[in-house]
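> sequence-free structure coming up:
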């Protein structure tokens, strides 16, 4: 199937709010069949195309429209004429041509072509590899595999991929700020001077983990043991409470026990809804296998 049609099937399904499982159920097929359509590994038959057009409320022409040219059938020729034609085409295919004009640069080397013009850059090879870079986006296709970037979205083999945008806090120089604050406290004898304010070097990664936990919406990302260590030193140096300040370390298993309880409750809620839960011990987030 053409990658353009495969991407259209993904877009139409998501516009209707269907997951692959829901669409497969409506068509009486397996989820794997829908996935193959959307990765351009297989094509729906005529009956399924009709059902899809009715389900999405569009015509078959709109569903199957493609910019690829439709080959025009040639009249049958005699064996001698066919042999001569193949010989001529073989000779032409081996020729290399370069055209430079107002419309751009066009290079052809056998069955490989490169075009650079006002509409972008187009590369087509005899190995069924295609690259398009233009104002409407970026497309790369290698056989049935393809990557499409357009309108701020990324599609890989017909599947939309989420893009994680980095914020200001990803680049905030926590360690540099900690060094400057430590030097100021040392030179001006603030908050205990050189001998105490080295705790700032522990606070820098602590704040970094807090920002990451907020962005990921996962308390598992927050470095709670480091918070306990900072609290222990603050209680000891500034309040002289080394004892019972060490008791803060006893809250670490309690913290992770609470997180585990919430995790199990959230997992049970997803299982009740009939979702397939992917459990990753290194991440407090829960993901569901749906498109």
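Sure, I can see it. Model, not experiment: these values are computed from the prediction. Numbering: from 1, shown residues only.
> isn't residue 149 right up against residue 137?
Yes. The criterion here is CB atoms under 8 Å, and residue 149 meets it with residue 137 at 5.4 Å. To be clear about C-beta, it is placed using only N, CA and C from the backbone, and glycine gets the same treatment.
> Pull up the per-residue confidence for residue 78.
Looking at residue 78, its pLDDT is 52.
> Point out where the protein drops to low pLDDT.
When residues are selected by pLDDT under 70, those of the chain lie in 1, 66-95, 136, 143-145, 150-152, 157-158, 162-166, 269-291.
> mind giving me the domain split of it?
With automatic domain parsing as the criterion, the domains of the chain are listed as 3-64, 91-161, 168-288.
> With mean neighbour count added, can I get the ones you listed in a markdown table?
Formatted as a markdown table, the domains of the chain follow (neighbours: other CB atoms under 10 Å):
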| stretch | mean neighbour count |
| --- | --- |
| domain 3-64 | 16 |
| domain 91-161 | 14 |
| domain 168-288 | 14 |
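> could you show me where the helices are in the stretch 1-150 of the chain, in order?
For the stretch 1-150 of the chain, the helices defined by DSSP state H, counting those that start in this stretch cover 3-15, 20-27, 31-38, 46-56, 60-64, 79-93.
> could I get those as JSON lines with distance to residue 107?
Shown next, in JSON lines, are these (distance: least, CB to CB, whole Å):
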{"stretch": "helix 3-15", "distance to residue 107": "24"}
{"stretch": "helix 20-27", "distance to residue 107": "41"}
{"stretch": "helix 31-38", "distance to residue 107": "34"}
{"stretch": "helix 46-56", "distance to residue 107": "38"}
{"stretch": "helix 60-64", "distance to residue 107": "32"}
{"stretch": "helix 79-93", "distance to residue 107": "14"}
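> what about the ones you listed, which gets the closest to residue 244?
When the helices of the stretch 1-150 of the chain are compared by CB to CB, helix 20-27 sits nearest residue 244, at 54.6 Å.
> for the closest one, packing partners?
Counting by 3 or more CB pairs under 8 Å, 6 or more residues apart in numbering; DSSP states H and E, the packing neighbours recorded for helix 20-27 are helix 31-38, helix 46-56.
> Can you name the residues in contact with it?
Under the criterion CB atoms under 8 Å, 6 or more residues apart in numbering, residues 13, 18, 30-31, 33-35, 38, 48, 51-52, 55, 290-291 lie in contact with helix 20-27.
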